[in-house]
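Undergrad: Structure, please.
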Amino acid sequence: MKSLKAILYFVLIFAFVSTSACSSLLSQVMATTAQPGAQPTALPSGAAQPTPQATSQPTPQAAGDQPAVLLFGIGMHIEPFGSVPSSLVGGGEPKPPRQPAPGDKRRPDYNQPAAFQRGVQDIQAIARIVEQHGGKMTVQAQTPFTQAAISSGDTILADLASRGHEIALHFHEDAHLGPDSEKLPVETWCAVMKEEIGLIEQASGVEQVRYWSGGNLYPDLFEAAQCAGLDVNSDWKNPNTQSTSLELTGIHPWRPAGGTDGSDVSLFSQHDPQGAVVFLPEGLYPRGDFASMRRSEAPDGDEKYFEFLEQSLLDSLAASQAGQVNVFHFTVHPGEFRGDPQQDSNSFSVIERFLSEVVDPLVASGQVRWATFAEMADAYQAWERGELGALPVSPTAQPIPPSVSSAGYMTFVINVHDWVHSGESADTLLALVDLFERYGVRGDFYFTAPVVEAYAKERPDLIERLKNSDMTISYHVRPPHPLYSGFDQRLKDLDDASLRQAILDYETYGLDLATGDLDRSRPSGYTYVAQVFGRKPVVASAPGSDPRIRRTALAVYAELGAQMMVQYHEEGTDPLKPFVYNQGLLVRPSDFSITRATRVDGSDNFWWNFMSAPDAERYNPTRMLQEALADWQQAGNARAPFITALIHENNFYRSGPEGWTSIYYSLEKNKKSEPLAPPYNLDAPDPSRLRRAADQQATWAAYEELVAYAAAHLNVVTSLDILQLAQEN
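TA: Just a heads-up that it's a prediction; the model follows:
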């Protein structure tokens with residue numbers, strides 16, 4: 001794991017490795033000869049070997065002594081920061097510029113002039129580096145960046161086009177089509193894609209946009225793209241797993257026979273000579289998480305990633321064949337991999353070194369040639385006409401690794417309840433949201449009403465951050481809420497009607513933390529949390545032991561809008577029946593949990609309490625996850641497992657009991673004993689202890705490693721996704 005500083009440096013550097021294409025590329029591909037003695041690098045032992053495709057294609061020309069040439073390119077994705085869905089699907093007007101508050105860590109908003117200009121500066125900086133190495137990028141834009149360029153009169157895209165860079169479309173479907181975009185007809189996709197293309201052409205002055213990336217889980221994507229006038233595509237990955245099926249990697253383009261919803265790529269990987277779109281695989285990458293692994297935080301992460309990239313490039317070069325179109329490319333984002341200007345006068349030095357030390361010598365030898373993505377497609381179309389070499393390698397030559405084909409469903413649950421230290425709690429949640437967004441996944445945050453009340457008074461910045469994020473909001477209770485075990489005496493003797501009304505009142509009005517009584521002068525409970533975040537918490541928890549109270553509470557939660565409940569804390573799902581319901585609520589499935597150290601030493605302790613121990617590696621949560629997955633597979637289970645990675649926000653910064661424990665419990669040897677009787681002493685001594693800085697850092701590092709691994713190898717889901725899975729099954 002790397003430190004956060006190293007991660008940011010690593011992430012920033014990759015955002016700007018770029019592509020350049022030689023002019024008259026097609027003639028160079030067909031006629032270029034390498035310098036005397038230049039030979040492709042040998043394919044390393046154990047690397048996947050290309051397999052000829054047994055499909056009738058145009059008669060190839062004899063390769064003769066012509067050397068293999070690998071077309072090399074770099075694409076740049078400009079993200080839709082600050083977007084709203086198109087008015088064609090009922091969306092609104094662009095958001096007004098937002099002035100960030102001090103310390104605001106949210107992603108940029110291109111409607112904000114300062115954020116837009118920062119993006120422009122980053123793009124220009126990388127473009128200049130690429131140009132110095134004889135290359136050109138394929139810059140893929142979308143709204144609101146294009147709208148900001150038009151409204152401000154900025155000529156960034158036109159300038160890039162005039163210098164030979166390809167201007168293309170990066171299409172985030174949910175940003176432009178809204179939620180459930182996969183249910184929309186082809187005509188709607190086509191219209192919105194055309195709308196985005198029109199803005200790109202207006203901002204850049206280009207006459208035709210041919211290439212796009214995005215929309216990867218829409219089965220009719222290629223039909224929509226053809227309708228919109230697009231004919232070149234690449235950069236496929238499953239946004240839910242942040243990984244690419246290795247069936248879609250390789251070095252030889254093809255025309256897909258159809259799209260995919262992410263679960264079956266057989267049509268996508270099948271060549272159709274009549275297909276309307278040329279697909280450009282990204283190269284011979286040995287693992288499917290190459291699109292997300294660049295966010296890893298291992299020590300020296302920037303250099304480690306580019307070492308991986310270098311080896312993948314050399315492997316692709318070694319597999320290249322004369323007389324064929326061989327391609328390799330990768331993608332960056334503005335602001336990514338920019339490094340630390342305080343330590344290096346050239347803030348993009350890692351990119352500069354990669355191009356100087358790896359790419360330039362290969363270009364000089366004639367083995368590698370820069371190309372934009374449209375130029376790669378043009379070369380392939382020439383090959384189709386019989387003007388270049390032999391048959392392409394099958395894109396299905398490499399097997400899908402077990403870690404991908406048998407992926408499980410991982411949920412990162414954060415139980416939030418530390419209203420005693422609301423500032424530390426809020427800072428931790430901000431860091432967690434940033435972490436999840438960095439890896440393209442979501443967390444499931446379970447809030448108590450008292451902690452949300454504390455945020456509303458003291459940390460409205462956190463409330464706003466969560467409201468504007470894609471994180472999932474859920475709900476649970478803590479003492480002195482009467483649904484918590486040991487605090488339910490006031491409910492036990494009520495008749496059924498009175499019990500229901502009492503629970504509804506506690507989920508509507510305030511809870512007096514000193515007495516456990518209702519405070520009808522203010523709102524709180526489930527309904528308050530829903531009001532604050534602007535959406536109803538998905539999961540609700542009634543942890544008491546009384547069956548009648550628990551049953552009634554679940555029915556109340558269902559009436560209020562909850563859709564899922566917690567029946568067992570960490571594991572207990574039936575391997576043969578993962579989806580069951582209780583009082584109309586789906587029971588949160590969890591086959592096993594990455595929380596406790598039981599697997600390692602039989603104890604009931606938690607992995608985060610061992611991260612500074614001499615044997616910390618034994619308790620590493622990623623290692624625990626890998627071992628649990630292996631056990632699941634060896635057990636012969638017929639389905640992918642549901643996995644819960646549960647942690648409390650205070651576990652990152654405090655040890656011992658929660659700060660409120662001594663208010664509601666008598667303590668023996670710093671552990672909970674019997675619940676106290678009201679009134680409660682809100683000034684009781686705080687039994688929690690601030691973790692040492694080294695312990696906090698080690699816990700964060702291990703947690704981030706777990707998130708990175710899950711993002712690369714599993715389907716990271718929240719309760720919302722699980723509900724969808726249950727409906728589909």
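
Undergrad: Which residue ranges of the stretch 401-550 of the chain form helices?
TA: Listed in chain order, the helices of the stretch 401-550 of the chain (DSSP state H, counting those that start in this stretch) span residues 402-405, 422-438, 449-458, 460-467, 489-492, 496-506, 525-533, 547-560.

Undergrad: Any chance you could list what contacts the longest one?
TA: Contacts of helix 422-438 with the rest of the structure, by C-beta atoms under 8 Å, 6 or more residues apart in numbering, involve 7, 11, 105, 107, 295, 412, 414, 416, 418-419, 442-443, 445, 451, 454-455, 458-459, 461-462, 465-466, 469-471, 649-650, 652-654, 700, 703-704, 707. C-beta coordinates here come from the backbone N, C-alpha and C atoms, glycine included.

Undergrad: what do you get if the cut-off is 7 Å, keeping everything else the same?
TA: Helix 422-438 is touched from outside by 11, 105, 107, 295, 414, 416, 418, 442-443, 451, 454-455, 458-459, 462, 465-466, 469, 471, 649-650, 652-653, 704, 707, with contacts defined as C-beta atoms under 7 Å, 6 or more residues apart in numbering.

Undergrad: what does the last one give?
TA: Counting by C-beta under 7 Å, 6+ apart, the neighbours of helix 547-560 from elsewhere in the structure are 483, 488, 491, 499-500, 503-504, 507, 526-527, 540, 542, 544, 565, 582-585.

Undergrad: how about low-confidence regions in the stretch 601-729 of the chain?
TA: Low-confidence segments of the stretch 601-729 of the chain (pLDDT under 70): 669-671.

Undergrad: how about 90 then?
TA: Residues of the stretch 601-729 of the chain meeting the criterion pLDDT under 90: 601-604, 612-613, 633-638, 667-674, 712, 724, 727-729.

Undergrad: can you give me the helices in it?
TA: 621-634, 661-664, 693-713, 719-728.

Undergrad: which one of the ones you listed lies closest to Leu513?
TA: Shortest distance between Leu513 and the helices of the stretch 601-729 of the chain, using C-beta to C-beta, is found for helix 661-664: 7.7 Å.

Undergrad: can you pull the buried residues of stretch 624-642?
TA: For stretch 624-642, the neighbour count (16 or more other C-beta atoms under 10 Å) marks Met624, Leu625, Ala628, Leu629, Trp632, Ala640, Pro641, Phe642 as buried.

Undergrad: Using CSV, write out every CA atom in stretch 507-524.
TA: Output of stretch 507-524 as CSV, limited to C-alpha atoms (Å, rounded to 0.1, in the frame of the first residue of the first chain):
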residue,chain,number,x,y,z
GLU,A,507,-38.8,7.1,14.1
THR,A,508,-40.5,10.5,13.6
TYR,A,509,-39.6,12.7,16.7
GLY,A,510,-36.5,13.4,18.7
LEU,A,511,-34.8,11.0,21.1
ASP,A,512,-33.7,12.5,24.4
LEU,A,513,-30.2,11.1,24.9
ALA,A,514,-30.3,11.8,28.6
THR,A,515,-33.6,10.0,29.3
GLY,A,516,-34.5,7.9,26.3
ASP,A,517,-37.9,9.7,26.1
LEU,A,518,-39.5,11.2,23.1
ASP,A,519,-38.9,14.9,22.3
ARG,A,520,-41.8,15.9,20.2
SER,A,521,-40.5,19.4,19.7
ARG,A,522,-38.0,18.3,17.0
PRO,A,523,-37.9,15.6,14.2
SER,A,524,-35.5,12.6,14.3
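
Undergrad: can you list the residues that contact that stretch?
TA: Applying C-beta under 7 Å, 6+ apart, the contact partners of stretch 507-524 are 449-450, 453, 480-482, 487, 505-506, 525-527, 531, 556, 560, 678-680, 682.

Undergrad: Tell me how far it lies from the chain's centre.
TA: Its chain's C-alpha centre and that of stretch 507-524 lie 38 Å apart, by C-alpha atoms, centre = their mean, to the nearest Å.

Undergrad: buried ones in it?
TA: For stretch 507-524, using 16+ other C-beta under 10 Å, the buried residues are Glu507, Thr508, Tyr509, Gly510, Leu511, Leu513, Gly516, Asp517, Leu518, Pro523, Ser524.

Undergrad: Among these, which one sits closest to Thr143?
TA: If you rank the buried residues of stretch 507-524 by distance to Thr143 using C-beta to C-beta, Pro523 comes first, at 37.8 Å.

Undergrad: Can you name the residues bridging to that closest one?
TA: Each beta-bridge partner of Pro523 is listed here, defined by DSSP bridges: Tyr509.

Undergrad: Mind pulling up the pLDDT for it?
TA: In the prediction, the pLDDT value recorded for Pro523 is 96.

Undergrad: just checking, Trp607 touches Ala597?
TA: Yes - if you go by C-beta atoms under 7 Å, Trp607 and Ala597 touch, sitting 5.7 Å apart.

Undergrad: Just want to know which of the two has more residues nearby.
TA: Set side by side, Trp607 and Ala597 give different neighbour counts by other C-beta atoms under 10 Å, the larger being at Trp607 (27 against 19).

Undergrad: Look up how far Glu310 lies from the more buried one.
TA: Using C-beta to C-beta, to the nearest Å, one obtains 35 Å as the distance from Trp607 to Glu310.

Undergrad: got a list of what Leu169 touches?
TA: With C-beta under 7 Å, 6+ apart as the criterion, the residues that contact Leu169 are Gln140, Gln142, Glu196, Ile197, Ile200, Val209, Trp212.

Undergrad: From Ala530, how far off is the third one?
TA: Distance of Glu196 to Ala530, computed by C-beta to C-beta: 34 Å.

Undergrad: Tell me which of those two has more neighbours.
TA: It is Glu196, of Glu196 and Ala530, that has more neighbours when counted by other C-beta under 10 Å, with 25 against 18.

Undergrad: Ends of stretch 604-618, what's the gap?
TA: When the termini of stretch 604-618 are compared using C-alpha to C-alpha, to the nearest Å, they are 15 Å apart.

Undergrad: quick one: it to chain centroid distance?
TA: In terms of C-alpha atoms, centre = their mean, the centre of stretch 604-618 is set 27 Å apart from its chain centre.

Undergrad: which outside residues touch it?
TA: The set of residues external to stretch 604-618 that reach it, using C-beta under 7 Å, 6+ apart, is 595-598, 600, 619, 621, 623-624, 647, 651, 655, 694-695, 698-699, 702.

Undergrad: cutoff 8 Å now
TA: Identification of contacts with stretch 604-618 by C-beta under 8 Å, 6+ apart yields 594-598, 600-601, 619-621, 623-624, 647, 651-652, 655, 692, 694-695, 698-699, 701-703.

Undergrad: Tell me the pLDDT of Leu43.
TA: Confidence per residue is given as pLDDT, and for Leu43 that number is 28.

Undergrad: brain fart, Leu391
TA: At Leu391 the predicted local distance difference test score is 31.

Undergrad: Repeat that for the one 5 residues further on.
TA: The model reports Thr396 with a pLDDT of 28.

Undergrad: ditto for Lys492
TA: With respect to pLDDT, Lys492 scores 94.

Undergrad: neighbours of the closest residue to it other than its chain neighbours, just the number please.
TA: Spatially, and ignoring its direct neighbours in sequence, Lys492 is nearest to Asp546 (6.5 Å; C-beta to C-beta, 6 or more residues apart in numbering). Applying the criterion other C-beta under 10 Å, we find 16 residues in the vicinity of Asp546.

Undergrad: isn't Asp546 right up against Leu494?
TA: No - between Asp546 and Leu494 there is no contact under C-beta atoms under 8 Å: 11.1 Å.

Undergrad: quick check, nearest of the buried residues of stretch 624-642 to Thr188?
TA: When the buried residues of stretch 624-642 are compared for distance to Thr188 (C-beta to C-beta), Ala640 wins out at 32.1 Å.
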